[in-house]
Structure formats: structure tokens, C-alpha cells
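Trainee: What shape does this take:
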Amino acid sequence: MKKVLFAVMAMIAIGFTSCGNKAQQAADATEAAAFDVEAAVSEMTSQLSEQIEAQDAGKFAELLATVQEKIKEIIGNNPEVAKEYVAKIQDFLKENADKIKAFAGENETVNNAINALTAAPADAIVSGLSSALNAAGDAVEDAAQDAADKAEEMKDASKDAAGEAVDAAADKAKEAMGL
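Mentor: Alright, predicted model coming up:
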């Protein structure tokens, strides 16, 4: 009985998750329409400039990681806006390359993050991240489908076992009654 309950709960959870994702996608689409690239770039470049002035390589690396996460977030909503955002961040990093090298020097984390953001054109970076995000999404969908299939198998097996138990109990009752 617990297996049946577990299978039903799993199916309900998957159902609610898929409904929630559709609502989230609609909210994300609305948010994408309202995304202001200039404001986002201005905010990020301001923070990056502060770390350049403070010459804090650790914080600068954290901000670069934040830039990459922001790009992934924007890609999910609007890849064209993401390209514009990447291009403007690239311009900032290229304009300040000498200042960054002066305090970051051989800091591998900072250098790798900058290379990841500036080594390719904005289109290529967005396409690469978009492909990676799509592959991850496909893997999640496949896992969810596998879980649903397994839950269905467990539900069927539980039904069979319950039916056999009922039949066995009915047979015993018939024997006890002498039928």
C-alpha cells in the first residue's frame, strides 16, 4: 500500500511541477519584456569598477561569476538581449584590461573568468551557454519522465500484488466456509 501511495504522490508532484514551470515561464516572459540592458550593464560595471579601484581580485572574480549567472538568466528569457548584455560587458572588460591586469596579475580565477567572457564574440558565448542550458533542461525532463515511468511500473506492480492478495484472501474465505 505504501508503494501505491508513493507512486501516486510522485505522479502528483510531477504534475504540480510541470504546471508550476508553465506559470514560471509566463512570468519569465513578462520579466524579459521589461529587462533594461542599460540599467543592468550600468549596475554591473559600477560594481566591477569599485572592485578595480579597491584592487580586490577575490570580489572581482565573484562579480565575474555573477555576470555569467546573469547571462544565463537573460538567455532563458531573451537570447538577443543576452547578446547585447554580453557585448557591453565585454567592452567594459576590454577597456579596463590594463587596470585589471595591474591588480589581478596572475590570479587564475580572474583570468579564466575574463577569458570566458571575452575570448569569443557575444553571439558565440550566448549560443554556447544556451546550448548548455538546453542540454541541462533536456536531462531534467528525461529524468522526470524516467521517474514517472518507474512510478507507473510500481503502481501497476502494486495493483497486481493487491489483486493477488485479495484473490488469496477470497480463496481462504471460501475454503473456511467450505465452498
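
Trainee: What average pLDDT does stretch 88-105 get?
Mentor: On average, the pLDDT along stretch 88-105 is 81.

Trainee: Quick one: end-to-end length of it, please.
Mentor: One end of stretch 88-105 to the other measures 23 Å (CA to CA, to the nearest Å).

Trainee: And for stretch 110-127?
Mentor: Stretch 110-127: ends 23 Å apart by CA to CA.

Trainee: Could you tell me which residues within stretch 76-87 count as buried?
Mentor: Judged by neighbour count using 16 or more other CB atoms under 10 Å, the buried positions of stretch 76-87 are 76, 77, 78, 81, 82, 83, 84, 85, 86, 87. (Each C-beta comes from the backbone N, C-alpha and C, glycine too.)

Trainee: Pull that stretch out as CSV, backbone CA atoms only.
Mentor: Extracted in CSV, the C-alpha atoms of stretch 76-87 (Å, rounded to 0.1, in the frame of the first residue of the first chain):
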residue,chain,number,x,y,z
GLY,A,76,16.4,31.9,-20.6
ASN,A,77,14.2,34.9,-21.3
ASN,A,78,15.6,36.5,-24.4
PRO,A,79,18.9,35.5,-26.2
GLU,A,80,19.1,38.7,-28.2
VAL,A,81,19.0,40.8,-25.0
ALA,A,82,21.7,38.5,-23.6
LYS,A,83,23.9,39.1,-26.6
GLU,A,84,23.6,42.9,-26.1
TYR,A,85,24.4,42.5,-22.4
VAL,A,86,27.5,40.3,-23.1
ALA,A,87,28.8,42.7,-25.7
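
Trainee: mind starting the numbering at 45 from now?
Mentor: Okay, residue one is now 45; in that scheme the one you just asked about reads as stretch 120-131.
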